[in-house]
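# Next input, structure requested:
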Amino acid sequence: MGFLELSGADRLVVTATRTGAILLDTRDENKVSAAVAFAQRHHDGWREFWPGPLAPEIVLDFYKDKHGVGTFGAAETYLTLSGWSRPTDAREIEALLKVLDVPW
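Predicted structure coming up:
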């Protein structure tokens, strides 16, 4: 994922993977910017998980002018991107979700 591509995002949709429920669909500039900044801070440290890809609990989809520009998933202690994952401090993920006002 080109994390720099997210800088032009103007919409964020957060979906629960288990239920498919949309938890957030916003064009709020502060929320979109917070999620973009979070992604950019976590641009490195990605690796393939040898037993198979880890499953996210939520998926964050970024859009610009109705076109998807990037996606990543999150679980309690890691982020996901296609078949890649990255360990992440649970407090960082919780802080992002608090800013987005998304229930965890």
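
# Could you give me the buried positions within stretch 10-28?
Within stretch 10-28, the residues that count as buried by 16 or more other C-beta atoms under 10 Å are 11-15, 23-24, 26. (Glycine included, C-beta is placed from N, CA and C.)

# what sits up against it?
Applying C-beta atoms under 8 Å, 6 or more residues apart in numbering, the external contacts of stretch 10-28 come out as 29, 31-32, 35, 55-65, 73, 100-103.

# From these, which land in strands?
58-64, 73 (DSSP state E).

# Quick one: distance of the helix or strand encompassing residue 14 to the chain centre.
For residue 14, the host element (DSSP states H and E) is strand 11-16. The chain centre lies 8 Å from the centre of strand 11-16; the measure is C-alpha atoms, centre = their mean, to the nearest Å.

# Now residue 87. Nearest residue, chain neighbours left out?
residue 78 (5.3 Å; C-beta to C-beta, 6 or more residues apart in numbering).

# if we can go back for a sec, between which two of the buried residues of stretch 10-28 is the distance greatest?
Spatial extent of these (C-beta to C-beta) is set by the pair 11 and 23 at 14.2 Å.

# so what's the nearest residue to residue 56 once chain neighbours are set aside up against?
Spatial nearest neighbour of residue 56, chain neighbours left out: residue 73 (2.5 Å); criterion: C-beta to C-beta, 6+ apart. Going by C-beta under 8 Å, 6+ apart, residue 73 touches 17, 55-60, 79-81.

# Which ChimeraX command selects the buried ones in those?
Selection of buried members from the contacts of residue 73 for ChimeraX, criterion 16+ other C-beta under 10 Å:
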select :56,58,59,60,79,80,81
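
# pLDDT-wise, what's the bottom of the contacts of residue 73?
Ranked by pLDDT, the contacts of residue 73 bottom out at residue 81, which scores 89.

# Now do the contacts for it.
Applying C-beta under 8 Å, 6+ apart, the residues near residue 81 are 1, 46, 71-73.

# Just the closest of the residues you listed to residue 85, please.
Closest to residue 85, out of all of these and judged by C-beta to C-beta, is residue 46, at 7.1 Å.
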